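Engineer: Fold the following for me, if possible:
(4 chains)
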Protein chains: 2
Amino acid sequence: MVAKGRGKRVTIGDVARAADASVTTVSRVLNEVATVDAALAHRVRQAIADLGYRPSAAAQGLARGRSGTLGVLVPDLANPHFSDLVKAFSATVRDSGARVLVMDSDEDPDVERDLAEDLIRYADGLLLCAPRMPRADLAALASRGVPLLVANRRAPGLALHTVGVDFHQGVLAVCGHLAQLGHRRVVYLAGPEGSWANRERLRALAGAEAFGLHVTVLACGSTTDEGYAAAERALEADGTALVAYNDFVALGLLSRLAELGVRVPEDISLTGFDEIDLARFSSPPLTTVAVPRSGLGRAAAVALVRLMDGNTDGDDALEDVDAEALPVELHVRGSTSAPS
Amino acid sequence: MVAKGRGKRVTIGDVARAADASVTTVSRVLNEVATVDAALAHRVRQAIADLGYRPSAAAQGLARGRSGTLGVLVPDLANPHFSDLVKAFSATVRDSGARVLVMDSDEDPDVERDLAEDLIRYADGLLLCAPRMPRADLAALASRGVPLLVANRRAPGLALHTVGVDFHQGVLAVCGHLAQLGHRRVVYLAGPEGSWANRERLRALAGAEAFGLHVTVLACGSTTDEGYAAAERALEADGTALVAYNDFVALGLLSRLAELGVRVPEDISLTGFDEIDLARFSSPPLTTVAVPRSGLGRAAAVALVRLMDGNTDGDDALEDVDAEALPVELHVRGSTSAPS
DNA sequence: CTGAAAGCGCTAACAT
DNA sequence: ATGTTAGCGCTTTCAG
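Structural biologist: Numbers count the residues shown, from 1 in each chain, chains lettered A, B, ... in the order given. Model prediction:
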């Protein structure tokens, strides 16, 4: 039977005593090391089970010099973009025997820096997702000796290891699709000011203008509410297509347009970005760009683990920084058609 | 300046040396303890800054006997229900100086048990969200000495501390609303087999039958896809209203119904549950039940912290188990009307 | 007010 | 193959 109640913690010493072995031996069977005599090993395992012993993570961490924990910092866990990423990251990391400490900065750059500084005390490595903090803070973290990986933000000149999604190509695909359909004037409902994701989109939009597509940029945001609220302004901007920062904005727009009696795509075309599950189920279904959220999480996990393994002597091999820019995929559905 | 590069870890000893103080003193200023001489304290803080020193979490944890970390285990982080809960939980817990270790069991009961057993090695306390594991495993965990809190699952006879949402009342409210509108035959699209949330809904539905509402139960699931796929079966069941397990299912149904030319609510009424942000933005907007996800997260945090503070002698005060059953709120919108 | 020293529970040389 | 023992970095009595 397992000991019940709130007694003192069972230690490796207790197990050793119970199994009439040394702590080293117990440690060995625990870590599946060397050739421990079968009978002895069995006794130890028995004792472990009897006593309900679990090694203390703190003690192991201290002795080993690493915690077996990776830290992830996201701006908003409630955003499917990040929860999917974290999910995939955790699952992948777990396969290499580690755990994940997740923190949510609530989109606040200051909170973000503080949490990151706290996180590195616990973790062997750090994944920063779309960090909002200023370059200087990022640089400070980077020079801190902890394996650091940044997802979806580039910081030119900072020698950061990064993974990311090719937003640029995605927006270009959207614009190309629209242009082929015959659209010439599109309205972009912009995302959060500071975000790299938004800057990337703007950059791509600028590229599209070179192909003769005229783009009007309207400040909006990243939520359904903001999309809903921006609908009337968007209509006034006089385009034949609306390019939303993401699917939430698009669905907000769609909702308001329906109320206003504006038909999609007959009266105006609409595109989302960063495909969410529900995009297929709106009326009409949304033309949008699928980004590999889980793929990004997996890639980040692999990259970070590799970073930590080869951490013998610092900043070598930074040549393949940004090697990872995961491809995206345009999904054409009912919300886009030729302009009337 | 902060030391750069990947040198050996800076320890409290290094700081002591640099500040010409003892480690004890450094520890004191670190923990804001006692009256350390102002000048000395200042020297120490200076050294800390100069060296870029951060105390090792593992060492602190080992010495203090607690990690300052709480564990949370959810079936699916990508589900807004849980990500919102975790977000609120983390934020609240952070205010009392702790961190949160999040794990995702991917809805697998076995994985769930293993992760929970692993989590307790790291954490001072554990929050199990809607655990899918069998009673026996739950009981084993409970008798393990770690402060344990269970959210959204009741385990009769197990003396578990729990917090939860009043699903029962929510479903009753939905049924009442429908009945008042004049509906007599409703179809319930059921959620995951084993889930407590689904059982609670069924129980409430049974209660509603006592009021003369006839309920047909159809197996379905919890995703938009499953809702979409169930639409035609639901129609055949011959009710005047569809009660979906949750909003995802409802939106899937809505999407398919639109394709089939069935109008909501004119031809058939539809309700969701567990209001998601997008529920307000569908066409028509969804009548659904808002559950206090963040409130649940906060309540869990408060309860768990209290549990850990008063952990002097075990299973007292279990009288107020289940004291927390957070109220829900019916939001009537366009997807319900009187039957035709 | 400050410091020396004994652990916290585990791992990893280093013997045997 | 197994055991002894010295740390890992920090907190915390206990003296001074």
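
Engineer: Alongside chain B, which residues does the stretch 151-300 of chain A contribute?
Structural biologist: Contact residues, the stretch 151-300 of chain A versus chain B (Cβ under 8 Å from any Cβ of the partner chain): A:223-224, A:228, A:248, A:251-252, A:254-255, A:258, A:277-278, A:280-283. Where you see a C-beta, it was placed from the backbone N, CA and C, and this is true even at glycine.

Engineer: again, 6 Å this time
Structural biologist: With Cβ under 6 Å from any Cβ of the partner chain as the criterion, the stretch 151-300 of chain A meets chain B at residues A:224, A:251, A:255, A:258, A:277, A:281, A:283.

Engineer: residues contacting the fifth one?
Structural biologist: This means residue A:277. Taking Cβ atoms under 6 Å, 6 or more residues apart in numbering or on different chains, we find residue A:277 in contact with residue B:224.

Engineer: Next, find the distance separating it from residue B:258.
Structural biologist: 17 Å (Cβ to Cβ, to the nearest Å).

Engineer: Is residue A:338 in contact with residue A:179, as I believe?
Structural biologist: No - proximity of residue A:338 to residue A:179 does not meet the contact threshold set by Cβ atoms under 6 Å, at 11.1 Å.

Engineer: where do the strands sit along chain A?
Structural biologist: Assignment of strands within chain A using DSSP state E yields the ranges A:69-74, A:99-104, A:125-129, A:148-151, A:161-165, A:185-190, A:214-219, A:241-244, A:269-271, A:288-290, A:324-326, A:329-331.

Engineer: Most tightly packed of these?
Structural biologist: Each of those was scored by mean neighbour count; the highest is strand A:241-244, a mean of 30, by mean count of other Cβ atoms under 10 Å in any protein chain shown.

Engineer: How about residues contacting that one?
Structural biologist: A:178, A:183, A:186-189, A:234, A:250, A:269-272.

Engineer: would CSV of these with pLDDT and distance to residue A:161 be doable?
Structural biologist: Formatted as CSV, the contacts of strand A:241-244 follow (pLDDT from 0 to 100; distance: Cβ to Cβ, whole Å):
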residue, pLDDT, distance to residue A:161
A:178, 96, 35
A:183, 97, 39
A:186, 97, 35
A:187, 98, 37
A:188, 98, 31
A:189, 98, 32
A:234, 97, 38
A:250, 98, 32
A:269, 98, 39
A:270, 98, 37
A:271, 98, 32
A:272, 98, 30
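
Engineer: which one of those sits closest to chain B?
Structural biologist: residue A:250 (10.5 Å; Cβ to the nearest Cβ).

Engineer: What is the neighbour count of that closest one?
Structural biologist: Residues lying near residue A:250 (other Cβ atoms under 10 Å in any protein chain shown) number 29.

Engineer: one step back: which stretch in the strands of chain A is the model least sure about?
Structural biologist: When those are compared on mean pLDDT, strand A:324-326 scores lowest, with a mean of 80.

Engineer: In chain A, which residue sits nearest DNA strand D?
Structural biologist: Nearest residue of chain A to DNA strand D, counting by Cβ to the nearest atom of the strand: residue A:37, 2.9 Å away.

Engineer: quick one, phi/psi of that residue?
Structural biologist: The phi and psi torsions at residue A:37 (degrees, to the nearest 10) take the values phi -50, psi 130.

Engineer: Can you tell me the closest non-neighbouring residue to the closest residue to DNA strand C within the stretch 101-250 of chain A?
Structural biologist: For the stretch 101-250 of chain A, the nearest residue to DNA strand C under the criterion Cβ to the nearest atom of the strand is residue A:124, separated by 13.6 Å. Using Cβ to Cβ, 6 or more residues apart in numbering or on different chains and skipping residues adjacent in sequence, the residue nearest residue A:124 is residue A:66, 4.7 Å away.
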